[in-house]
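Trainee: Predicted model, plus sequence, below.
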Amino acid sequence: MKIGVNLLLWTDSPDAVRHAPLFRQIKDWGFDGVEIPVDGLTDETAIALGAALDELDLKRTTISAL
């Protein structure tokens with residue numbers, strides 16, 4: 001089983017640079033991945049987030065709200 005954490009606990013607009021310390025902490029806490037809110041997420045930001053999470057071997061899923 002893999003366990004992830006929803007980034008909405010901290011932000012509704014994640015950023016690879018600004019949230020890098022948070023991603024490291026999430027990995028250190030033992031989580032396997034994160035759930036990324038995608039409302040308003042640009043392609044550029046999504047690519048940067050993917051690269052940052054790959055470096056930490058954190059998997060990801062998405063969440064959106066209507």
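Mentor: Arrived safely, thanks for sending.

Trainee: Okay, now the unreliable bits of this structure?
Mentor: Along the chain, the model assigns pLDDT under 70 to no residue.

Trainee: what ranges do the strands span in it?
Mentor: 4-6, 33-37, 59-63 (DSSP state E).

Trainee: quick one, what contacts Leu8?
Mentor: When contacts are counted by CB atoms under 8 Å, 6 or more residues apart in numbering, Leu8 touches Glu35, Pro37, Ile63. C-beta coordinates here come from the backbone N, C-alpha and C atoms, glycine included.

Trainee: related to what we said a few turns ago, can I get the strands of the chain in CSV including distance to Asp12 and mean neighbour count?
Mentor: Listed next are those as CSV, based on distance: least, CB to CB, whole Å; neighbours: other CB atoms under 10 Å:
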stretch, distance to Asp12, mean neighbour count
strand 4-6, 11, 15
strand 33-37, 5, 20
strand 59-63, 10, 13
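
Trainee: and of those strands, who's closest to Arg24?
Mentor: strand 33-37 (11.8 Å; CB to CB).
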